[in-house]
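A.B. asks: My questions concern the predicted model and sequence given below.
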There are 2 protein chains.
Amino acid sequence: MIKTIYWTSNNKVRLIDQTRLPLEEVAIDCCNHHEVADAIKTMKIRGAPAIGVAAAFGVALVAVKSRASNTNELVREIDEAAEILSSTRPTAVNLFWALKRMTEVARAGSHLSVARLKSVLKDEALAIADEEREMSQAIGRHGAKLIADGDSVLTHCNAGALATVSYGTALALIRAAHAGGKRIHVYVDETRPLLQGARLTAWELTREGIPMTLICDNMAGFFMSRGLVQKVVVGADRIAPNGDVANKIGTYSVAVLAKENDIPFYVAAPVSTVDLSIEGGQDIPIEERLPGEVCEIRGRRIAPEGISVANPAFDVTPARYVTGIITDRGVVYPPYEETLSGILGKARSKT
Amino acid sequence: MIKTIYWTSNNKVRLIDQTRLPLEEVAIDCCNHHEVADAIKTMKIRGAPAIGVAAAFGVALVAVKSRASNTNELVREIDEAAEILSSTRPTAVNLFWALKRMTEVARAGSHLSVARLKSVLKDEALAIADEEREMSQAIGRHGAKLIADGDSVLTHCNAGALATVSYGTALALIRAAHAGGKRIHVYVDETRPLLQGARLTAWELTREGIPMTLICDNMAGFFMSRGLVQKVVVGADRIAPNGDVANKIGTYSVAVLAKENDIPFYVAAPVSTVDLSIEGGQDIPIEERLPGEVCEIRGRRIAPEGISVANPAFDVTPARYVTGIITDRGVVYPPYEETLSGILGKARSKT
């Protein structure tokens, strides 16, 4: 089993350096929240649920290593660390969700001793990681029912074990369907510019013997138009209450092509991906990353020097293209204004 | 001015090695039809009109260098060379069109002396190159009228000077609009796997100071959905009489996204790209190229070893997505069954 990120027995955060996959499988240890923030920023770890866990672990590192002499000082340190961690990447809401949860626990524990609060914060981070692990399994269970024996499923980017603690979101249900004996085949969009499909999804599926074909992003429409794709499943970085979905750049194009070819388009994501503080996709900030990611591939220049480049890392798929959203609490369908708030009510009453 | 391919004074075919652009500008000389065939196969020269000219030049090389003692022998050599050249790439019809024209001229001249027929064949190849040059200028003139001052135009792959003898097809009208004083901006799809957009189109536009932004293929939909693209213009490798268009893989996706966002989608191509021998896009063979083009970029491995890869080099855009086809004889609109045959009648009566 792939262990994307975990807390080590000597209080470090160990994570697979995803920038070096698939050529090298290297784990790195983060000893403080600055190292965690750097790992998120440079995409050594990426994927909305995984960076939520990384951020929570970053806060926990501050707690266990703090030399604060009183609880107020510790809470202030936690707040400062959360500030730094929250400035790493703007689009995935799980990051802010996990940090909010950690800072609220810190504040709620301000009557505790320093030693006790440290322990509470570490436990909270571990609980978030555990919940994300269960979340993946639940998405797998709910989503696998939507996949028929013999289906070819197209996915974009990596919504796999590497985007979560393990198991994945979109890939969780592909794993579950495969484990359940369904014959499935996966079309993997390579996902420029950083090639998360070619590097990460292809690596995950190959490791587990799930049949797949790697394609360039611009080939997805071709295979859909030839009737070779039965379902599309992707992850999400943020979901608006109206069902608009922010996900890796190119997701919108895949959704439009799926609709044009009458192929169901599913989004798989934990309920923590839903952002109740916004109204629709227009409120989701889209991260613009450095031009070098487009102009260079693995250190090789592929375009003339000095040209103008755009590099939006995400796009927004309007709810009207989304057939269903597969969450850890079940699958919801339009109208999302009603069904998402219904499932969120369930989730919150459980928390 | 970019001279993609030309006949040298010492009877060689000189062409820009496009596999080395944009990092190196290197011209290579082909001395016989085998070297020309290899240049086409390895995509040192590519683009439907350009490979038509290359093939004609390949046949002319056989003619001028032949040691045939009689005309029948020369005609047989020409037929054999045409056979070899026609097996280089299957999708672009201009290749077969140019070879048919050369072999027909050879057969029609079987009553001539060997020396006379050699000269006739060389002149025919030079005439094809001249006509392609005029074709580009004509497409530029007709197409520029469709571009408004201030437009942002999205293009896919390279339908520029490098895809023709010079000036281009899709880029011909962009050049003409720019030269005519219209302020335009070009979104350039990088065009995986071989990156003709990033390497070739970006190079051409930068050389001429035409404002452009390089994007990954999967970003085209994002910019369309934000209202930042007013027109899409692409080239074509083969057009069916019903208006279905085969072009570089990814063109279909761009066309679907344009339609979804109410953006006009134009195809720019000479009438020699229309294939009267077929009925529709379903009859166009799609070239499948080697997996290495997808798994490696400029020699760097980007995916796990041993995985399954698909690499269709072209796709077919059904006529219903095509707003208009900009030919050297004017712009035609649906119903293409009527308008294309009308313009082909004109073209043929002129030939």
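C.D. replies: On my side now, so go ahead.
A.B. asks: Can you pull the poorly scored residue ranges out of the stretch 1-150 of chain A?
C.D. replies: Scanning the stretch 1-150 of chain A for pLDDT under 70 picks out nothing.
A.B. asks: Within range of chain B, give me the residues from it.
C.D. replies: Near chain B, the residues belonging to the stretch 1-150 of chain A are A:Pro22, A:Leu23 when assessed by Cβ under 8 Å from any Cβ of the partner chain. To be clear about C-beta, it is placed using only N, CA and C from the backbone, and glycine gets the same treatment.
A.B. asks: how about a cut-off of 10 Å?
C.D. replies: Counting by Cβ under 10 Å from any Cβ of the partner chain, the stretch 1-150 of chain A comes close to chain B at A:Leu21, A:Pro22, A:Leu23.
A.B. asks: And the first one, how close does it get to A:Arg46?
C.D. replies: If I follow you right, that is A:Leu21. A:Leu21 sits at a distance of 11 Å from A:Arg46 (criterion: Cβ to Cβ, to the nearest Å).
A.B. asks: And the second one, by the same measure?
C.D. replies: A:Pro22 sits 15 Å away from A:Arg46 when distances are taken as Cβ to Cβ.
A.B. asks: more neighbours, these two?
C.D. replies: Neighbour count, other Cβ atoms under 10 Å in any protein chain shown: between A:Pro22 and A:Arg46, A:Arg46 has more, with 26 against 22.
A.B. asks: isn't A:Arg20 right next to A:Arg199, touching?
C.D. replies: Yes: using Cβ atoms under 10 Å, A:Arg20 is in contact with A:Arg199, at 9.2 Å.
A.B. asks: just to revisit the earlier point, shared neighbours of A:Leu21 and A:Arg46, anything?
C.D. replies: Each of A:Asn158, A:Leu162, A:Gln196, A:Leu200 lies in contact with both A:Leu21 and A:Arg46 under the rule Cβ atoms under 10 Å, 6 or more residues apart in numbering or on different chains.
A.B. asks: Secondary structure added to those residues, as CSV?
C.D. replies: As requested, those are exported to CSV (DSSP: H, G, I helix; E, B strand; the rest coil):
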residue, secondary structure
A:Asn158, coil
A:Leu162, helix
A:Gln196, helix
A:Leu200, helix
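A.B. asks: I'd guess A:Asp262 is in a strand, am I close?
C.D. replies: No: counting by three-state DSSP, A:Asp262 is not found in a strand; it is coil.
A.B. asks: Tell me, how many residues neighbour it?
C.D. replies: Using other Cβ under 10 Å, A:Asp262 has 8 other residues around it.
A.B. asks: That one contacts A:Met224, correct?
C.D. replies: Yes: using Cβ under 10 Å, A:Asp262 makes contact with A:Met224 at a distance of 9.3 Å.
A.B. asks: hmm, back to that, out of the shared contacts of A:Leu21 and A:Arg46, flag the one nearest to chain B.
C.D. replies: Within the shared contacts of A:Leu21 and A:Arg46, proximity to chain B (Cβ to the nearest Cβ) peaks at A:Leu200, which comes in at 9.8 Å.
A.B. asks: Tell me, how many residues neighbour that closest one?
C.D. replies: Taking other Cβ under 10 Å as the criterion, the count of residues near A:Leu200 is 30.
A.B. asks: A:Lys122 now?
C.D. replies: A:Lys122 sits with 19 neighbouring residues when counted by other Cβ under 10 Å.
A.B. asks: quick one: what helix or strand has it in it?
C.D. replies: Mapping A:Lys122 onto the secondary structure by DSSP states H and E places it in helix A:114-144.
A.B. asks: Now stretch A:227-238: buried residues?
C.D. replies: Across stretch A:227-238, burial judged by 16 or more other Cβ atoms under 10 Å in any protein chain shown covers A:Val229, A:Gln230, A:Lys231, A:Val232, A:Val233, A:Val234, A:Gly235, A:Ala236, A:Asp237, A:Arg238.
A.B. asks: So the third one sits against A:Ala144, correct?
C.D. replies: No: using Cβ under 10 Å as the test, A:Lys231 is too far from A:Ala144 to be in contact (11.5 Å).
A.B. asks: okay, and the common contacts of those two?
C.D. replies: With contacts taken as Cβ under 10 Å, 6+ apart, the residues that reach both A:Lys231 and A:Ala144 are A:Leu173, A:Ile174, A:Ala177, A:Ile184.
A.B. asks: Stretch A:153-164 - what's its average pLDDT?
C.D. replies: On average, the pLDDT along stretch A:153-164 is 97.
A.B. asks: now the end-to-end length of it.
C.D. replies: Distance between the boundary residues of stretch A:153-164 (Cα to Cα, to the nearest Å) amounts to 20 Å.
A.B. asks: residues touching A:Pro334, list them.
C.D. replies: A:Pro334 makes contacts with A:Asn242, A:Gly243, A:Ala319, A:Arg320, A:Val322, A:Thr323, A:Gly324, A:Ile325, A:Leu340, as judged by Cβ under 10 Å, 6+ apart.
A.B. asks: Just the buried ones from those residues?
C.D. replies: Among those, the ones that count as buried by 16+ other Cβ under 10 Å are A:Asn242, A:Gly243, A:Ala319, A:Val322, A:Thr323, A:Gly324, A:Ile325, A:Leu340.
A.B. asks: which one of these sits closest to chain B?
C.D. replies: Distance ranking of these against chain B, using Cβ to the nearest Cβ, places A:Ala319 first at 13.7 Å.
A.B. asks: Surely the closest one touches A:Tyr252?
C.D. replies: No: using Cβ under 10 Å, A:Ala319 and A:Tyr252 do not qualify as a contacting pair, with a distance of 12.0 Å.
A.B. asks: Break chain A down into its structural domains.
C.D. replies: The record's domain split for chain A, according to automatic domain parsing, is A:5-137, A:140-348.
A.B. asks: any idea which of those is most buried?
C.D. replies: The highest mean neighbour count among the domains of chain A belongs to domain A:140-348 (a mean of 22), with neighbours defined as mean count of other Cβ atoms under 10 Å in any protein chain shown.
A.B. asks: ok now that domain, how far from the chain's centre?
C.D. replies: In terms of Cα atoms, centre = their mean, to the nearest Å, the gap separating the centre of domain A:140-348 from the centre of its chain is 10 Å.
A.B. asks: again with stretch A:136-143
C.D. replies: For stretch A:136-143, the distance between its averaged C-alpha position and the chain's averaged C-alpha position is 15 Å (Cα atoms, centre = their mean).
A.B. asks: who's in contact with that stretch?
C.D. replies: By Cβ under 10 Å, 6+ apart, the list of residues contacting stretch A:136-143 reads A:49, A:131, A:159-161, A:163-177, A:179-180, A:231, A:233, A:235, A:266, A:268-270, A:324, A:326-331.
A.B. asks: Take these and keep only those in helices.
C.D. replies: When DSSP state H defines the helices, the subset of the contacts of stretch A:136-143 inside them is A:Pro49, A:Glu131, A:Ala170, A:Leu171, A:Ala172, A:Leu173, A:Ile174, A:Arg175, A:Ala176, A:Ala177, A:Ala179.
A.B. asks: Next, the contact list for the fourth one, please.
C.D. replies: Read that as A:Leu171. Shown in contact with A:Leu171 (Cβ under 10 Å, 6+ apart): A:136, A:139-140, A:143, A:153, A:155, A:158-164, A:178, A:186, A:200-201, A:204-205, A:208, A:210, A:233, A:235, A:268.
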